[in-house]
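In: generate coordinates for the sequence data below:
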Amino acid sequence: MSSQQGHAQGMPPAQPFHTSEMRGPLQRKGLSLTHKLIALMGTTTVTVVAVLTGFFLKQQIEASHAALTRKATTYGALAARQVAPAVAFDDRETAREVFDAVALDDEIESLTLFNASGDVLHARGAAGAWVAKAKNGVQQQRVVELDDRVGVVSPVVSAEGPRGTLVVELSTRKLEEAVSSLTRTAALVGLLAIAIGMLLAYTIAHSIGRRIGSIAKAAVGVAGGEFEQPPLPVVGSDEVAHLAHGFNSMVQQIQRLFAAARENAVTEQARLEGLVQARTVELDHRNADMRLVLDNVGQGFLTVGLDGKMSRERSAIVDSWLGTPGEGETFFAYVDRALPGKGDYLRVGWDALTEDWMPLEMRLSQLPSELQNERLHLGFSYQPIFENGALHKLLVIVTDIAPLVERRRAEDEERELVQVVRKLLSDHRGFQEYIEEASSLVSEILDGNGDLTRRKRLLHTLKGNSAIFGFESMVRLCHELEDGMQTSGTDLSYAEKQCLLLGWERLQVKVTALMGERSPELLEVHRRDVQHVVANINAGARPSLITHLIHSWELEPARARLTRLGEYANALAKRLDKQPLVVDEESNDVRLHPAHWIGFWQAMVHVVRNAVDHGLEGAEARRAAGKPEAGHIKLRTSLANGWLQLRIEDDGAGIDWARVAQSAKKRGLPSATHQQLVAAVLADGLSTREEASHTSGRGLGLSAVREACEAIGGTITIQSERGKGTAFCINVPVDALGRPAPVTSTVVSRAAGA
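Out: You can find the predicted model right below:
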């Protein structure tokens, strides 16, 4: 079966074997195996022949040179013995005869004989310049090698005693000619050997390369799926022949396996097609069931990528809540279209998901859990979806939490009602006064007269007084309205005023039902006040004093106001997770006309709140400073010389005047002297807090205190020492009926110890 037939049956042969990768290296330019073998064998032959030729040529040259040297030393030794008598008797004739005999050798270049005195006795030939140095004689024979000759200096010793010196020089011309001839011969022999070796190398390499090349070509064909090809010829019995035989056997085995695989593939393809069809039907049913669930579930499910892109599948209820998303619309734009302004809020937390330096739980916690508008109140939860160990998407679960919010609101109202009942039972008169004072504050806020700053103070005061009597719903409402005014920089809108009015009316209805009708003719008298009058009667006090004491019952005792402020201080400390406070109240039986002191007592809540929130440290900081864990607040009223003094003192950290100065400079307020810093503390809008909370941070509380004191002609003294505490001392002139006297309003500042 051909490869084309296999491909027709759904089994493409070439693709599994990656033909392109197999053929790629063979198509690159480079030396073939034959060329590499020829190069290897030729290089080896040339190297071996060159080394052997050089070695033997060197050996022959060295042997010829050694022979010439031996010949020179032999001539020197023999001639020295023959000319010994000539040296002894100064016989030049004998020396000549010896030199003539030796000079028969045509390699003799020169002969020189020196007598004992260093004079030339006889010489033959052209001696070299160096010979004159030998006239002083030598102790033993020496050989001197020069460029063109070899010289031998031999001592001549005669029996008669005189000594001489014989110098024999032999020419190296014949030696050099012999070396040149020998070199040419060696080169010819070497070249002949190289030619023979290269011929043998080519023959062997070509044979091996051709046979291996045929195997390689067949292997590439098999790798490309060409199994139907003739077997390779097996020539000889060497390794290449065994390789060809093994390759033929392998191809036959592959052909059998491939044929079997092709048959199995057809069967398997039919089976898989059946499984795929069955699985497709099953998935269609499951998708239909899942779609049915998503279309009828009460929660919204959708998956969103880290880039904000939403998947196509989602619960049908999501569309009913948020509408149908546009093509390619991001999750943020989708939410912002249904809940204007919420999309950007969602995007801020979403962008932090890719910041790996934070734990995933912390990043998820930064995403909004609740989003709402006028018609929707939706809860959002997020489940991470990982891919290869990394965060890939989020499953967003959307729930309609309007019933839950309503239930929470009902629970808050129930808890608030319990608190209100407790306050009503413990301080019915104070409770009624709060309702009257708060009604007045709400009316003045809604009236819209006066400047914006004053209305902010009134709203802040309403929040503080509502906190004293446990009306948390009113506290939250006032705080939200303050946030809106601070953000917009404008007065309350009509909708916000209506919200405040409806909130207060709803609270009044609830409270009025609890308080019931109370006649204005009724007068509440504390048991201790009756006991005080009885004690004075029994002591024989004057009737005028008894009358004065009884008439004072119509005035409000300051101790009731101090008690409320003390209870508020402890409630605020609990809300701020601080230790329960030690509150000392000392009223000194001061009584004041309630109608004339409403604004004053309303403002004093800001001083207490300032002491608890700003002044008193946490338990750990107090331990570190060597203080008791429980903070201490003193509330004291006294009357002296027609003046009422209210002192609110804490043992907290004291005022940080440096931070006050910094905040004052930011607002353009004077801050050079201590008195200017105190004035800045009481100014509108100044706060050392970076962010406003439900309790403080807007810079309106103490300015409301200043305004209330100025309205009744009072003065304020602030005593503060860093690390030891702060005391607010307020002095107001009063008449006999407890009404403020008409005097000029001043604000006095005094440092601690002044």
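
In: CA atoms for contacts and neighbours, from now on please.
Out: OK.

In: can you map out the strands along the stretch 151-300 of the chain?
Out: 163-171, 300-305 (DSSP state E, counting those that start in this stretch).

In: could you single out the most deeply buried of those?
Out: strand 163-171 (a mean of 27; mean count of other Cα atoms under 10 Å).

In: pretty sure His122 sits in a strand.
Out: Yes: assessed by DSSP: H, G, I helix; E, B strand; the rest coil, His122 belongs to a strand.

In: let the chain start at 840 from now.
Out: Sure, I'll start counting at 840 from here, so that last one is His961.

In: domains for this protein, by residue range?
Out: As given by automatic domain parsing, the domain ranges for the chain are 922-1010, 1136-1239, 1246-1353, 1362-1393, 1396-1593.

In: what are the phi and psi angles of Pro1164?
Out: Note on Pro1164: backbone dihedrals following degrees, to the nearest 10 are phi -70, psi 150.

In: now do His1216
Out: According to degrees, to the nearest 10, His1216 has phi -140, psi 100.

In: in JSON lines: the strands of the stretch 990-1139 of the chain, plus distance to Gly990.
Out: Below are the strands of the stretch 990-1139 of the chain laid out as JSON lines (distance: least, Cα to Cα, whole Å):
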{"stretch": "strand 1002-1010", "distance to Gly990": "4"}
{"stretch": "strand 1139-1144", "distance to Gly990": "103"}
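
In: for the ones you listed, give me a markdown table that also has mean pLDDT and distance to Gln1347.
Out: Output for these, formatted as a markdown table (pLDDT from 0 to 100; distance: least, Cα to Cα, whole Å):
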| stretch | mean pLDDT | distance to Gln1347 |
| --- | --- | --- |
| strand 1002-1010 | 87 | 146 |
| strand 1139-1144 | 86 | 40 |
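
In: next one: Leu1280 from Arg1414, what distance?
Out: 25 Å (Cα to Cα, to the nearest Å).

In: residue ranges with poor pLDDT in the stretch 990-1139 of the chain?
Out: 999-1001, 1123-1137 (pLDDT under 70).

In: residue boundaries of the helices in it?
Out: Per DSSP state H, counting those that start in this stretch, the stretch 990-1139 of the chain carries helices over the ranges 1012-1062, 1078-1135.

In: from those, which stretch is densest packed?
Out: When those are compared using mean count of other Cα under 10 Å, helix 1012-1062 is most buried, at a mean of 16.

In: tell me which of the helices of the stretch 990-1139 of the chain lies nearest to Val1447.
Out: helix 1078-1135 (55.2 Å; Cα to Cα).

In: who does the closest one touch, helix- and strand-wise?
Out: Packing contacts for helix 1078-1135, counted by 3 or more Cα pairs under 8 Å, 6 or more residues apart in numbering; DSSP states H and E, involve helix 1012-1062, helix 1155-1161.

In: got the contact list for the helix or strand that the last one is followed by?
Out: I take that to be helix 1155-1161. Remark: after helix 1155-1161, the chain's next helix or strand is helix 1170-1177, criterion DSSP states H and E. Identification of contacts with helix 1170-1177 by Cα atoms under 8 Å, 6 or more residues apart in numbering yields 1143, 1147-1149, 1160-1162, 1164-1165, 1181-1183, 1185-1186.

In: got these as CSV, with distance to Thr1193 columns?
Out: Below are these laid out as CSV (distance: Cα to Cα, whole Å):
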residue, distance to Thr1193
Val1143, 14
Gly1147, 12
Lys1148, 15
Met1149, 17
Trp1160, 29
Leu1161, 26
Gly1162, 28
Pro1164, 25
Gly1165, 25
Lys1181, 21
Gly1182, 18
Asp1183, 17
Leu1185, 14
Arg1186, 12
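
In: just the buried subset of the residues you listed, please.
Out: Burial by neighbour count, judged by 16 or more other Cα atoms under 10 Å, picks out 1143, 1147, 1149, 1160, 1164, 1181-1182, 1185-1186 from the contacts of helix 1170-1177.

In: rebuild those as CSV, extending it with distance to Asp1428.
Out: Shown next, in CSV, are these (distance: Cα to Cα, whole Å):
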residue, distance to Asp1428
Val1143, 69
Gly1147, 68
Met1149, 71
Trp1160, 63
Pro1164, 71
Lys1181, 56
Gly1182, 60
Leu1185, 58
Arg1186, 60
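
In: show me where the stretch 1140-1289 of the chain has helices.
Out: Taking DSSP H, counting those that start in this stretch as the test, the helices found in the stretch 1140-1289 of the chain are 1155-1161, 1170-1177, 1181-1190, 1199-1204, 1241-1265, 1267-1286.

In: weakest of those helices by average pLDDT?
Out: Mean pLDDT across the helices of the stretch 1140-1289 of the chain is lowest at helix 1241-1265; the value there is a mean of 67.

In: distance-wise, check the residue nearest the centre of the chain relative to Arg1202.
Out: Nearest residue to the geometric centre of the chain (Cα atoms, centre = their mean): Trp1196, 4.7 Å. Per Cα to Cα, Trp1196 is found 10 Å from Arg1202.

In: next: Pro1509.
Out: Pro1509 is 44 Å from Arg1202, by Cα to Cα.

In: of the two, who's got more company?
Out: Higher neighbour count among Pro1509 and Arg1202: Arg1202, with 18 against 14, using other Cα atoms under 10 Å.

In: just checking, that one touches Gly1188?
Out: Yes: with contacts counted by Cα atoms under 8 Å, Arg1202 reaches Gly1188, the gap being 7.3 Å.

In: contacting residues around Leu1210?
Out: Contacts for Leu1210 were tallied using Cα under 8 Å, 6+ apart; they are 1178, 1181, 1216-1219.
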